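Trainee: dropping the sequence and predicted coords here.
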Amino acid sequence: MEPSPFALSREDRYFEDYVTGSVHEFGSIAVTEQSVIAFAKLYDPQTFHIDPEAAKKSHFGGLVASGWHTAALMMRLLVDNVISSVASMGSPGVDELRWIKPVRPGDELSIRVTVREARRSRTKPDRGVVVFFIEAMNQRRETVMTLLAMGMYRCREMPA
């Protein structure tokens, strides 16, 4: 399926607006050397994330972003473009997180989000669960990270 925008903005989007099989693309967000180093110093201080000279001698051959930094950048794009600001009820978690390719300073990331499943809760019919397959891609459209993410959303309408 070709990527398309959501029919409604985040401010008007409810469970019913996440259509199984739909594909959406958003981006981009820049990866800078400064942000790679700053994030890693706080959360993942391995030498190939914080020291450009030492990183040249690593198996990466240069500075790379922490996978957790990549996930945080993906999350920013997700919040800005996919997650409803009026109906989101949080997430029960993610599955199958994979870092496919290194992310480097100078990369521009975007995301492709496929709605894998949207099911209304049987026990709480005012909400539903949406399962997204998310691909983070660099400027060459190479997939750098994938994951399955679940989100809980309020329904616009109650079943009859």
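Mentor: Arrived safely. Numbers count the residues shown, from 1 in each chain.
Trainee: was I right about His69 contacting Ser35?
Mentor: Yes: with contact defined as C-beta atoms under 8 Å, His69 counts as touching Ser35 (7.4 Å). All C-beta spots, glycine's among them, are computed from the backbone N, C-alpha and C.
Trainee: state the phi and psi torsions of the residue nearest in space to the middle of the chain.
Mentor: Residue closest to the average C-alpha location in the chain (C-alpha atoms, centre = their mean): Met74, at 3.5 Å. Main-chain torsions, Met74, degrees, to the nearest 10: phi -60, psi -40.
Trainee: now it, nearest residue through space, not along the chain?
Mentor: Closest residue to Met74 apart from its sequence neighbours, by C-beta to C-beta, 6 or more residues apart in numbering: Ala136 at 4.6 Å.
Trainee: equivalent analysis for Gly61, please.
Mentor: Ala55 is the one closest to Gly61 (C-beta to C-beta, 6+ apart), at 7.8 Å.
Trainee: residues contacting the one you found?
Mentor: Residues in contact with Ala55 (C-beta atoms under 8 Å, 6 or more residues apart in numbering) are Thr47, Phe48, His49, Gly61, Gly62, Leu63, Val64.
Trainee: count the residues that sit near the fourth one.
Mentor: Residues contacting Gly61 under the criterion other C-beta atoms under 10 Å number 12.
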